[in-house]
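Visitor: The following block contains a protein sequence and its predicted model.
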Amino acid sequence: MALSVQQFIKLANFYNQSAMVASAICVQKGGVPMENYVGRFFVADVLDYVVEYGRRLIAAEPNVPQEISALVNRFAARLEQVKDLVTPSQKPIYEMSLEEFEKFMNI
């Protein structure tokens, strides 16, 4: 996928729509707190992807509008709040440090 501002805007809109749908589901289910909603992991993964795409776009494109940079920074700040919900990247066991292996094995 080629990096472009238009594609980033589409991804950002997808994240915003996903977060809105997750909130609506929580309300529909009787006011379930967002912290207890199982879909929060998917929304966090989407946010992680959008932030990484935005960072790569800023690094690759010299003339990214200031609004896009501000949006990436805002999304990155939100990602820091939900970083523990993001699906961890899987590395082969032989590439893991001892700490990573212990965390992976839940030791």
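Guide: Looks like it came in fine.

Visitor: Please count neighbours and contacts with C-alpha atoms only from this point.
Guide: Fine.

Visitor: What's the first helix or strand after the top helix by length along the chain?
Guide: In the chain, taking DSSP state H as the definition, the longest helix is helix 5-28. Later in the chain than helix 5-28, the nearest helix or strand by DSSP states H and E is helix 40-60.

Visitor: And that following helix, what's buried?
Guide: 40-51, 53-54, 57-58 (16 or more other CA atoms under 10 Å).

Visitor: What of stretch 59-69?
Guide: Quick answer for stretch 59-69 (16+ other CA under 10 Å): Ile68.

Visitor: how far does it stretch from start to finish?
Guide: 11 Å (CA to CA, to the nearest Å).

Visitor: what mean pLDDT does that stretch have?
Guide: Across stretch 59-69, pLDDT averages out at 90.

Visitor: outside of it, which residues touch it?
Guide: 3, 5, 54, 57-58 (CA atoms under 8 Å, 6 or more residues apart in numbering).

Visitor: Can I get the helix-or-strand element of the chain with minimal mean pLDDT as CSV, trimmed to CA atoms?
Guide: Every helix and strand in the chain was compared by mean pLDDT, DSSP states H and E; the lowest is helix 98-104, with a mean of 77. In CSV, the C-alpha atoms belonging to helix 98-104 read as follows (Å, rounded to 0.1, in the frame of the first residue of the first chain):
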residue,chain,number,x,y,z
LEU,A,98,14.9,-13.8,28.8
GLU,A,99,12.5,-11.1,30.0
GLU,A,100,10.4,-11.3,26.8
PHE,A,101,10.3,-15.1,27.1
GLU,A,102,9.2,-15.0,30.7
LYS,A,103,6.5,-12.6,29.9
PHE,A,104,5.4,-14.7,26.9
